[in-house]
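1. give the three-dimensional model of this entry:
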Amino acid sequence: MSVELITVLMLTSLILVIMMGFPIGFSLAGVATVFGLIFVGPHIASTFMLRMHVTLSNYTLIAIPLFVFMGIVIEKSGLAGRLYDAIYVLTGRLKGGLAIATVLTCAIFAAATGVVGATVVTMGIISMPAMMKYRYDKPMASGAVCAGGALGILIPPSILILVYAPVANVSVGALLIGAFVPGMILALLYVLYIGIRCFINPEMGPSAADGGVHYTFWQKSRMFCVSVLPVLTLILAVLGTIFFGLAAPTEAAAIGAFAAVLLALGYRKLTAAMLMEAAIRTARTSAMVYLVVIGASFFTSVFVRLGCGRVIESSIMGLPFGPWGVLIVMWLIIILMGCFLDWIGIIMIVVPLFTPVAVKLGFDPVWFSLMNIIVLQTSFLTPPFALTIFYLKGIAPPEVTLADIYKGVVPYLLLMLAALLLFSLFPDILLFMPRAAGLI
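-> You can find the predicted model right below:
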């Protein structure tokens, strides 16, 4: 059987198994086992054991449970509500101020938790009733929550980056530091869009200043210092130790986890029950991620050993579009896959195939990785497999329909594409911080 036919059969089998509803990790490992036994033989089991040992002994991946624990502790400490209240007080007098506060709170909370689901659900519960109370345009309100929550995969510390970096064989620290600027730029674009849209049409986002509650400068300053500053300090402490070379990403994750516990203690939310729940949820989430990483490691080892990687590489390199055309094709594939698969499945399937091609085409691997991570945000917003939409619909007020949410995310998808164009024209926007930190 030709290598080309094996490649087609292996990828088709994987997609079919995933579409049948089997978990990603088991799908990857199962397809790898079947094709490994058929085309390599029983001794493929030794390769699997070696790959499992390499994955479980990977020092970088230890940061995953630490960052997950940090995020859960922050989530359980009620920090999102405090953040939203403080930013709402600072922006409530603006047209669209509540939606702007929602995006900014999502950005900060996403950076503190690194998990999209927690951000969307928490912020949806807190902000949607307030925006509906002030008669905000429903698509405008829904889009702000979904797009703001999706920033959680980009703004570090991000669980997605911790999974992506080893698969692409690039520096975790470089991606964590490099992702901060595009995350902030996207958040700024979202805020500008809301502000301009509501300035043109004030009925889409009325000011909340007419509620009759007014705060003095000192009250606002106190809310900022108590609710916003501690979280910003936590985020900057994690990123700062990496940027200045004081700690590796795993050690920075440990600092973040410890600081999150101190933060919960300071807010008087730290209890034995909360710590136990955080530990159990951390174990479950980390086990799921590790299972997928191990399964992907099995799949990649068989895929490469059978020569399928060379087939994919030669096929993509042979496209008659030039380097940038090939790059656009790869991004379109990621966007299309995002309509049907979650981010971790997309990373494990396409990143090992696309990264070597991009490097051969002359693109910087860190820049290419950061661009892919930005593109992966679309997987949370593009139907039918749009997790942020499903999360929000589950907790949104009854008057908010699925059509409202779909309509609301479209402008933010266009803003993501605009950001991609910006970062393509000026790649140093993504690379100057990793270079300044000496990570590339």
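
2. next SSE after the longest helix anywhere in the chain?
-> Counting by DSSP state H, the longest helix found in the chain is helix 272-305. For helix 272-305, the succeeding helix or strand toward the C-terminus, using DSSP states H and E, is helix 308-317.

3. hmm, who's touching that following helix?
-> With contacts defined as CB atoms under 8 Å, 6 or more residues apart in numbering, helix 308-317 is touched by 3-4, 6-7, 10-11, 303, 326, 329-330, 352-354, 356-357, 360-361. All C-beta atoms are positioned from the backbone trio N, CA, C, and that covers glycine.

4. any weak-confidence spans in the stretch 1-150 of the chain?
-> The stretch 1-150 of the chain contains residues with pLDDT under 70 at 92, 113-114.

5. all helices of it, in order?
-> Per DSSP state H, counting those that start in this stretch, the stretch 1-150 of the chain carries helices over the ranges 3-19, 24-39, 44-56, 63-76, 79-91, 97-113, 116-133, 138-150.

6. before we move on, back to that, packing partners for the longest helix of the chain?
-> Counting by 3 or more CB pairs under 8 Å, 6 or more residues apart in numbering; DSSP states H and E, the packing neighbours recorded for helix 272-305 are helix 3-19, helix 24-39, helix 44-56, helix 63-76, helix 159-168, helix 343-360.

7. thought residue 337 was touching residue 348?
-> No - applying CB atoms under 8 Å, one finds residue 337 not in contact with residue 348, separated by 11.1 Å.

8. more neighbours: which of those two?
-> Taking other CB atoms under 10 Å, residue 337 and residue 348 do not tie; residue 348 has more neighbours (25 against 20).

9. out of the helices and strands packed on helix 272-305, which one sits most buried?
-> helix 63-76 (a mean of 25; mean count of other CB atoms under 10 Å).

10. how about it as PDB, C-alpha atoms only?
-> Listed next in PDB are the C-alpha coordinates belonging to helix 63-76 (Å, rounded to 0.1, in the frame of the first residue of the first chain):
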ATOM      1  CA  ALA A  63       2.700  24.200  34.400                       C
ATOM      2  CA  ILE A  64      -0.700  23.000  33.200                       C
ATOM      3  CA  PRO A  65      -2.100  21.800  36.500                       C
ATOM      4  CA  LEU A  66      -0.500  24.700  38.300                       C
ATOM      5  CA  PHE A  67      -2.100  27.300  36.000                       C
ATOM      6  CA  VAL A  68      -5.400  25.400  36.100                       C
ATOM      7  CA  PHE A  69      -5.300  25.400  39.900                       C
ATOM      8  CA  MET A  70      -4.500  29.200  39.900                       C
ATOM      9  CA  GLY A  71      -7.500  29.900  37.600                       C
ATOM     10  CA  ILE A  72     -10.000  27.800  39.700                       C
ATOM     11  CA  VAL A  73      -8.900  29.400  42.900                       C
ATOM     12  CA  ILE A  74      -9.300  32.900  41.400                       C
ATOM     13  CA  GLU A  75     -12.700  31.900  40.000                       C
ATOM     14  CA  LYS A  76     -13.900  30.600  43.300                       C
END
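
11. how far off helix 159-168 does it point, in degrees?
-> Between helix 63-76 and helix 159-168, the angle comes out at 170 degrees (axes from the mean of the first three to the mean of the last three CA atoms, to 10 degrees).

12. distance from helix 63-76 to the middle of the chain?
-> Distance of helix 63-76 from its chain centroid, counting by CA atoms, centre = their mean, to the nearest Å, is 14 Å.

13. same question for stretch 305-312.
-> 29 Å.

14. how far away is the closest residue to residue 18 other than its chain neighbours from residue 287?
-> Leaving aside its sequence neighbours, residue 18 sits nearest to residue 27 (CB to CB, 6 or more residues apart in numbering; 4.9 Å). For residue 27, the distance to residue 287 equals 17 Å [CB to CB, to the nearest Å].

15. over to residue 89?
-> 40 Å.

16. higher neighbour count, the two?
-> Set side by side, residue 89 and residue 287 show more neighbours around residue 89, with 20 against 12, by other CB under 10 Å.

17. ok, the more buried one touching residue 226?
-> No - using CB under 8 Å, residue 89 is not in contact with residue 226; the gap is 11.8 Å.

18. residues contacting residue 53?
-> Applying CB under 8 Å, 6+ apart, no residues qualify as near residue 53.

19. for residue 363, grab phi and psi.
-> Main-chain dihedrals, residue 363, degrees, to the nearest 10: phi -90, psi 140.

20. please apply the same query to residue 339.
-> The phi and psi torsions at residue 339 (degrees, to the nearest 10) take the values phi -70, psi -20.

21. do I have it right that it meets residue 383?
-> Yes - here residue 339 lies in contact with residue 383, judged by CB under 8 Å, at a distance of 6.8 Å.

22. return the residues in contact with the spatially closest residue to residue 37 that is not a sequence neighbour.
-> Distances taken as CB to CB, 6+ apart put residue 44 closest to residue 37, at 6.4 Å, once the chain neighbours are dropped. For residue 44, the contact set (CB under 8 Å, 6+ apart) comprises 33, 36-37, 302.

23. would you check how far apart residue 44 and residue 292 are?
-> Counting by CB to CB, the separation of residue 44 from residue 292 is 20 Å.

24. can you tell me the centre-most residue of this protein?
-> Computing the C-alpha centroid of the chain and ranking residues by CA atoms, centre = their mean puts residue 153 first, at 1.2 Å.

25. residues near residue 96, how many?
-> Neighbours of residue 96 (other CB under 10 Å): 31.

26. got it, and the one 10 residues further on?
-> Other residues within reach of residue 106, judged by other CB under 10 Å, total 32.

27. element containing the nearest residue to residue 339 once chain neighbours are set aside, please.
-> Nearest residue to residue 339, sequence neighbours excluded (CB to CB, 6+ apart): residue 382, at 5.0 Å. Here residue 382 sits in a region with no helix or strand, counting by DSSP H and E.

28. with residue 323 instead?
-> When elements are assigned from DSSP H and E, residue 323 belongs to helix 322-338.

29. what's the spacing between that helix and its chain's center?
-> Going by CA atoms, centre = their mean, where helix 322-338 is centred and where its chain is centred differ by 19 Å.

30. the inter-axis angle of it versus helix 3-19?
-> With the same axes, to 10 degrees defining the directions, helix 322-338 sits at 30 degrees from helix 3-19.
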